[in-house]
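A.B. asks: predicted model, plus sequence, below.
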Amino acid sequence: MRDEVLERFARDCIASVTGPEVVFSWQVGEPTLLGPQFSARVVALQRRYAKPGQRIENDLQTNGTVLDEETGHSGRVYLACTSAGGCQVPSPAGRIDGGVSLGQ
């Protein structure tokens, strides 16, 4: 993805949200295939265009074959769903606090 396209995407996405949280959902593992430099560019753009007090979240769906600690941390991935057959449905089973977690 060209830098100007990525910047326009991040800027317009953030500008369109009036609430306190913006969620970017990345599918098919683009950030992991493009490496940690891509994730770092995304985070820098998100920080530049975030409104005061706005929380930015990045969700990632990937098969996990190239996911590593560097990619996950530089992209500030809060939810990473890895599965060869697709994501499982979140379930409260096994959570002490009653929150949602992915099943085994």
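C.D. replies: Structure received.

A.B. asks: poorly predicted segments of the protein, please.
C.D. replies: 28-32, 63-104 (pLDDT under 70).

A.B. asks: can I assume Arg41 is in contact with Leu6?
C.D. replies: Yes - with contact defined as CB atoms under 8 Å, Arg41 counts as touching Leu6 (6.5 Å). C-beta coordinates here come from the backbone N, C-alpha and C atoms, glycine included.

A.B. asks: ranges for the helices of the protein?
C.D. replies: For the chain, the helices defined by DSSP state H occupy 3-16, 30-33, 36-49, 69-74.

A.B. asks: show me what the strand ranked longest in the chain is packed up against.
C.D. replies: In the chain, assigned by DSSP state E, the strand with the most residues is strand 55-62. Contacts defined by 3 or more CB pairs under 8 Å, 6 or more residues apart in numbering; DSSP states H and E place strand 55-62 against strand 21-26, helix 30-33, helix 36-49, strand 77-82.

A.B. asks: in that strand, which residues are buried?
C.D. replies: Ile56, Asn58, Leu60, Gln61, Thr62 (16 or more other CB atoms under 10 Å).

A.B. asks: who does the fourth one form a beta bridge with?
C.D. replies: When you say that, I think you mean Gln61. Beta bridges link Gln61 to Cys81 when assigned by DSSP bridges.
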